[in-house]
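Asks: Structural data only, the sequence is not supplied:
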């Protein structure tokens, strides 16, 4: 094989860098969590944790990471894992409060 073919194969099989992975994770979280839900919807019925406060917290975390990424900071794998863990915990509370549907076995964040 020529060196060019080997370089092409390596490029295609590479995983994204952590910055790209973090941006992708943020997009996925923003598309699945009900950030645009009205306060009346968030605070209706039985509450097992304050959905509004949890969503506000998660949105501030996402905003902070977007700013840090724009400033050139590179997240570590631990940062990605922490955001995934936080999002999963918040998602479970939102499930209990009836604001999101349970994820199927094939779905996942991160």
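Replies: Arrived safely. Since the model is a prediction, treat every value here as computed from it, not as a measurement.
Asks: Please count neighbours and contacts with C-alpha atoms only from this point.
Replies: Noted.
Asks: how far away is the residue most central in space within the chain from residue 14?
Replies: Geometric centre of the chain, nearest residue: residue 29, 3.6 Å, by C-alpha atoms, centre = their mean. As judged by C-alpha to C-alpha, to the nearest Å, residue 29 and residue 14 stand 23 Å apart.
Asks: ranges for the helices of this protein?
Replies: 3-13, 18-32, 39-42, 51-70, 77-96 (DSSP state H).
Asks: so can I have JSON lines of those showing mean pLDDT and distance to residue 102?
Replies: Shown next, in JSON lines, are the helices of the chain (pLDDT from 0 to 100; distance: least, C-alpha to C-alpha, whole Å):
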{"stretch": "helix 3-13", "mean pLDDT": "57", "distance to residue 102": "32"}
{"stretch": "helix 18-32", "mean pLDDT": "96", "distance to residue 102": "11"}
{"stretch": "helix 39-42", "mean pLDDT": "67", "distance to residue 102": "17"}
{"stretch": "helix 51-70", "mean pLDDT": "96", "distance to residue 102": "15"}
{"stretch": "helix 77-96", "mean pLDDT": "95", "distance to residue 102": "6"}
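Asks: Let me see the contact set for residue 76.
Replies: Residues near residue 76 by C-alpha atoms under 8 Å, 6 or more residues apart in numbering: residue 18.
Asks: Buried residues in stretch 53-70, which are they?
Replies: 54, 55, 58, 59, 62, 65, 66, 69 (16 or more other C-alpha atoms under 10 Å).
Asks: from those, which single one is nearest residue 90?
Replies: Nearest to residue 90 among the buried residues of stretch 53-70, counting by C-alpha to C-alpha, is residue 54 at 6.5 Å.
Asks: Could I get the contacting residues of that closest one?
Replies: residue 90.
Asks: what's the neighbour count on residue 79?
Replies: A total of 14 residues lie near residue 79 under the criterion other C-alpha atoms under 10 Å.
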